[in-house]
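Asker: let's see this in three dimensions:
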Amino acid sequence: MEMENLGDGEESQMLNGSVSESLNTDRVTLDEGYEADEPASQEQEGFLQHVSSQKTQFTDFEGKTSFGMSVFNLSNAIMGSGILGLAFAMSNTGIILFVILLISIALLSCYSIHLLLKCSGVVGIRAYEQLGQRAFGSVGKILAALIITVHNVGAMSSYLYIIKYELPLVIQAFLGLTKATEDWYFNGNLLIIIVSILIIMPLALMKHLGYLGYTSGFSLSCMVFFLCSVIYKKSVIPCPLNSTYTEHTVYTNGYNATEDECSPKLFTINTQTAYSIPILAFAFVCHPEVLPIYTELRSATKKRMQNVANVSIFAMFIMYLMTALFGYLTFYGKVDSEMLHTYNQVDPLDTLVLCVRLAVLVAVTLTVPVVLFPIRRAIQQLLCPEQDFRWWRHTLIAVCLLVIVNLLVIFIPNIKDIFGVIGSTSAPCLIFILPSIFYLRIVPKEKEPLLSRQKIQAALFASLGFVFMIISWSFMIVDWTTTGRSSIGGH
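Answerer: Numbers count the residues shown, from 1 in each chain. Got it, this is the predicted structure:
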């Protein structure tokens, strides 16, 4: 009898030890920010029940993506077509105002990701749409899914827009022509369809986002080459432009600048400034990709994912600042809303510019599948959240999305319209509003009272998003009504 009682005691001790170990592991995984500061005994019984109900909401895919690959994927999600509009933004804000805005939006993006990760840790959810459902029920889930879809469709459209207009110019330069012909390979609409089928679709059909880490790294290296070329071109393109630059130089759109036009502006505001702030906001939005990347991160913790976000945003901040500064100091007020177009107007047969075009085309092409993943996930969360993975559904959603985006690109007149409209609507929602209101609703009052410093900061952050949206739309509407659509039409 004594041995039997001893066995029962050992079994009970082992069971308690197993439960305690499981509890501590799950607590660190769910939210190290809150739980690390509290003794395990305080909430053990209640929290164990909470963990058991929430743990199943995590994906069953064990994170295998390294820190570096996660940085590549998130950086690739941040950087895309937005980098081509930054010199234009600087020309309409001035250097000082641009730097202030760029620093502000980079810091605000880091803070909003911090709010997202805290919400995710508290409830044990790593899906943007499920955070919306936890905060506001089915309405919140639908709203989050729709905003993610609208924003990422706009981002994909801007990438394909670049392919549509730049790929024919690359082919033209390769053939040594100064003017495109009527042949099919100069038809941008046809070329984006071919690229979508042959390159984007196979990558978009991969099952997990982490597999795209290598293509993201290659895409980023292409954009580094683009930055180096922009810096170099500043040293060889004169201002005002003159015939000593190159034998191929072509002057268009009044490019014979005066000395006055070759002086950098430190601070300026005009009707085009309305597009500058949305372009900057659009350039830093990566929030739909944060939680999927967090899910697939190896040894995933909130702190580790925040470090991924901080490194990615800082790297992109440096690239953005250098690209905008040297692009602006090359063309000043003559820089186009799509900077590569400006180089083409200077010398369409320049070999380095041709290589830069190819690098940018490769970069934006490889970014499209990364941006498509969160849209597909949002659609699946709306239509079939509880169903297992099916290849036919995975493929069908990708095909439908690419068809829709291709149709949009065929009919959208200008990339600035995409930057402006998407940057002033979905971008403020994803950066400012949704993370803040999710945080206010999801983080329990027992942890942080409504009048706590953290909750007040989140409320002010959401208010800033609404102000940002209203001001941006007001300026754009004024610009449309006073200057007409011709001012923002095609090139």
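Asker: secondary structure element for Thr71, which one?
Answerer: Wrong residue type there; residue 71 is Val, not Thr. helix 67-78 (DSSP states H and E).
Asker: now that helix: buried residues?
Answerer: 69-78 (16 or more other C-beta atoms under 10 Å). Every C-beta, even on glycine, is put in place using the N, C-alpha and C of the backbone.
Asker: what does stretch 171-189 give?
Answerer: By neighbour count on 16+ other C-beta under 10 Å, the buried set for stretch 171-189 is 172-173, 186, 188.
Asker: now stretch 381-396
Answerer: In stretch 381-396, counting by 16+ other C-beta under 10 Å, buried: 381-382, 393.
Asker: ok, back up a step: could you identify the most distant pair in the buried residues of stretch 171-189?
Answerer: Ala173 and Gly188 (14.8 Å; C-beta to C-beta).
Asker: got the buried residues of helix 67-78 as a markdown table, with distance to Val370 columns?
Answerer: Listed next are those as a markdown table, based on distance: C-beta to C-beta, whole Å:
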| residue | distance to Val370 |
| --- | --- |
| Met69 | 12 |
| Ser70 | 12 |
| Val71 | 13 |
| Phe72 | 10 |
| Asn73 | 6 |
| Leu74 | 9 |
| Ser75 | 10 |
| Asn76 | 5 |
| Ala77 | 5 |
| Ile78 | 10 |
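Asker: remind me what the helix or strand where Met223 lies packs against, helices and strands.
Answerer: Met223 belongs to helix 213-236 when assigned by DSSP H and E. Helices and strands touching helix 213-236, by 3 or more C-beta pairs under 8 Å, 6 or more residues apart in numbering; DSSP states H and E, are helix 67-78, helix 302-331, helix 351-383.
Asker: now the longest one: average pLDDT?
Answerer: Going back to what we said before, that points to helix 351-383. Taken as a whole, helix 351-383 has an average pLDDT of 83.
Asker: okay, the angle between the following helix or strand past that helix and helix 351-383?
Answerer: Next in sequence after helix 351-383, counting helices and strands by DSSP H and E, comes helix 391-411. Here the directions of helix 391-411 and helix 351-383 differ by 130 degrees (axes from the mean of the first three to the mean of the last three C-alpha atoms, to 10 degrees).
Asker: got the contact list for helix 391-411?
Answerer: Contact partners of helix 391-411, identified using C-beta atoms under 8 Å, 6 or more residues apart in numbering, comprise 153, 156-157, 160-161, 164, 189, 192-193, 196, 200-201, 204-205, 207, 372, 375-376, 379-380, 384, 387.
Asker: buried set for it?
Answerer: Residues of helix 391-411 classed as buried by neighbour count (16+ other C-beta under 10 Å): 393, 397-398, 401-402, 405-406, 408-409.
Asker: hang on, the earlier thing: just name the closest of the buried residues of helix 67-78 to Pro168, please.
Answerer: Distances from Pro168 to the buried residues of helix 67-78, taken as C-beta to C-beta, are shortest for Asn76 (24.8 Å).
Asker: next secondary structure after the helix or strand hosting Ser104?
Answerer: Ser104 belongs to helix 95-123 when elements are defined using DSSP H and E. Note on helix 95-123: by DSSP H and E, the next helix or strand toward the C-terminus is helix 128-174.
Asker: what bits of the stretch 251-400 of the chain have low per-residue confidence?
Answerer: Where the stretch 251-400 of the chain drops to pLDDT under 70, the residues are 251-261, 271-272, 274-275, 282, 348.
Asker: gap between the spatially closest residue to Val99 that is not a sequence neighbour and Ile231?
Answerer: With sequence-adjacent residues excluded and distances taken as C-beta to C-beta, 6 or more residues apart in numbering, Val99 is closest to Leu321, at 7.0 Å. The spacing between Leu321 and Ile231, counted by C-beta to C-beta, to the nearest Å, is 12 Å.
Asker: can you check Asn270 too?
Answerer: Separation of Asn270 from Ile231 (C-beta to C-beta): 27 Å.
Asker: returning to that earlier point: so the helix holding Ser104 versus helix 67-78, what angle?
Answerer: Using the same axes, to 10 degrees: helix 95-123 against helix 67-78 is 120 degrees.
Asker: hmm, back to that, of all the helices and strands packed on helix 213-236, which lies closest to Ile456?
Answerer: Closest to Ile456 of those is helix 302-331 (C-beta to C-beta; 21.3 Å).
Asker: and that closest one, what does it pack onto?
Answerer: Other elements packing on helix 302-331 under the criterion 3+ C-beta pairs under 8 Å, 6+ apart are helix 2-35, helix 67-78, helix 86-91, helix 95-123, helix 213-236, helix 273-284, helix 287-296, helix 339-346.
Asker: distance to Val362 for those helices - can I get that in JSON lines?
Answerer: Converted to JSON lines, those look like this (distance: least, C-beta to C-beta, whole Å):
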{"stretch": "helix 2-35", "distance to Val362": "37"}
{"stretch": "helix 67-78", "distance to Val362": "12"}
{"stretch": "helix 86-91", "distance to Val362": "20"}
{"stretch": "helix 95-123", "distance to Val362": "25"}
{"stretch": "helix 213-236", "distance to Val362": "5"}
{"stretch": "helix 273-284", "distance to Val362": "19"}
{"stretch": "helix 287-296", "distance to Val362": "20"}
{"stretch": "helix 339-346", "distance to Val362": "13"}
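Asker: closest to Ile313 out of the buried residues of helix 67-78?
Answerer: Once C-beta to C-beta is applied, the member of these that ends up nearest Ile313 is Ile78, at 6.7 Å.
Asker: which residue is nearest the middle of the protein?
Answerer: In the chain, the residue lying closest to the centroid (C-alpha atoms, centre = their mean) is Cys286, at 3.0 Å.
Asker: how far away is Arg393 from Ala462?
Answerer: According to C-beta to C-beta, Arg393 stands 34 Å off from Ala462.
Asker: and Gln133, by the same measure?
Answerer: Using C-beta to C-beta, one obtains 19 Å as the distance from Gln133 to Ala462.
Asker: which residues touch the helix holding Met223?
Answerer: 65-66, 68-70, 72-73, 75-76, 79, 83, 203, 245, 319, 322-323, 326-327, 329-330, 339, 343, 352-353, 355-356, 359-360, 362-364, 366-367, 369-370.
Asker: those residues, buried ones only, as a ChimeraX selection?
Answerer: Only the buried entries of the contacts of helix 213-236 go into this ChimeraX selection, using 16+ other C-beta under 10 Å:
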select :65,69,70,72,73,75,76,79,83,203,319,323,326,327,329,330,339,343,353,355,356,359,360,362,363,364,366,367,369,370
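Asker: find the nearest non-adjacent residue to Ala87, please.
Answerer: Closest residue in space to Ala87, ignoring its immediate chain neighbours: Gly327 at 3.0 Å, by C-beta to C-beta, 6+ apart.
Asker: ok, the one you found touching Ile83?
Answerer: No. Gly327 is not in contact with Ile83 according to C-beta atoms under 8 Å; the separation is 9.4 Å.
Asker: higher neighbour count, Asn270 and Ile231?
Answerer: Shown here are Asn270 and Ile231; by other C-beta atoms under 10 Å, Ile231 has more neighbours (16 against 12).
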